[in-house]
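In: Quick check, what structure comes out for this input:
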Amino acid sequence: TGPDGMALGFAIPRIVFTYLDYLLVEEMNQWDFTFSYRTSVEHFSPGTEDIEHSSFAYRLEDPHLLDWFGNLALVTVSTNSKFSNYLPAQKANNHDARRQSLKLELMARRAETGSWNDADVRTHHEEMVELLRRALAGERARSDSDI
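Out: Below you'll find the model as predicted:
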């Protein structure tokens, strides 16, 4: 687990990504978002870079951040295969893939600003985990009051 108790990498249940996208639909007012069957965990910043397109602006200095929730998105198997070891800037250019996940959309928007580095991963991680925690705390509060 990570420093905040969140599971890492492939240990994060797929439903967490899907639930987060549901929360983001509400948060971003994206009611036209279409949920699809996705099972493949994609590392937005790859563990192994495409050397031909390597860039310091998109390289993580702390290798532990690769498996943080802030660097991961749920995509289809075919998208994960197409993404290969591309850098975040290249992945951000794939608008069809971005439509699979609002979390991935947010990551791509950040990468389009010129970087996807340690600070970006940490910030995105904290924002997404906080959204999950707020939602889960609210659900517990509602269910407790219904009893």
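In: The chain: helices as residue ranges?
Out: Here the chain has its helices, by DSSP state H, at 14-28, 77-83, 88-92, 95-98, 102-112, 118-146.
In: Just the mean pLDDT for the first one, thanks.
Out: Along helix 14-28, the predicted local confidence has a mean pLDDT of 96.
In: can you give me the angle the helix or strand of the chain with the lowest mean pLDDT makes with helix 14-28?
Out: Of all the helices and strands that make up the chain, helix 118-146 has the lowest average by mean pLDDT, DSSP states H and E, namely a mean of 83. Counting by axes from the mean of the first three to the mean of the last three Cα atoms, to 10 degrees, helix 118-146 points 90 degrees away from the direction of helix 14-28.
In: buried set for helix 118-146?
Out: D118, D120, V121, H124, H125, M128, V129, L131, L132, A135 (16 or more other Cβ atoms under 10 Å). For the C-beta atoms, the positions are set from N, CA and C on the backbone; glycine is no exception.
In: excluding its backbone neighbours, what's nearest A7?
Out: T1 (5.8 Å; Cβ to Cβ, 6 or more residues apart in numbering).
In: The one you found contacts I12, doesn't it?
Out: No - contact criterion Cβ atoms under 8 Å: T1 and I12 do not qualify, at 10.1 Å.
In: Compare those two (neighbour count), which wins?
Out: I12 (17 against 8; other Cβ atoms under 10 Å).
In: so who does the closest residue to that one other than its chain neighbours touch?
Out: Spatial nearest neighbour of I12, chain neighbours left out: F69 (6.2 Å); criterion: Cβ to Cβ, 6+ apart. Residues near F69 by Cβ atoms under 8 Å, 6 or more residues apart in numbering: G2, M6, A7, L8, I12, V16, H125, M128, V129.
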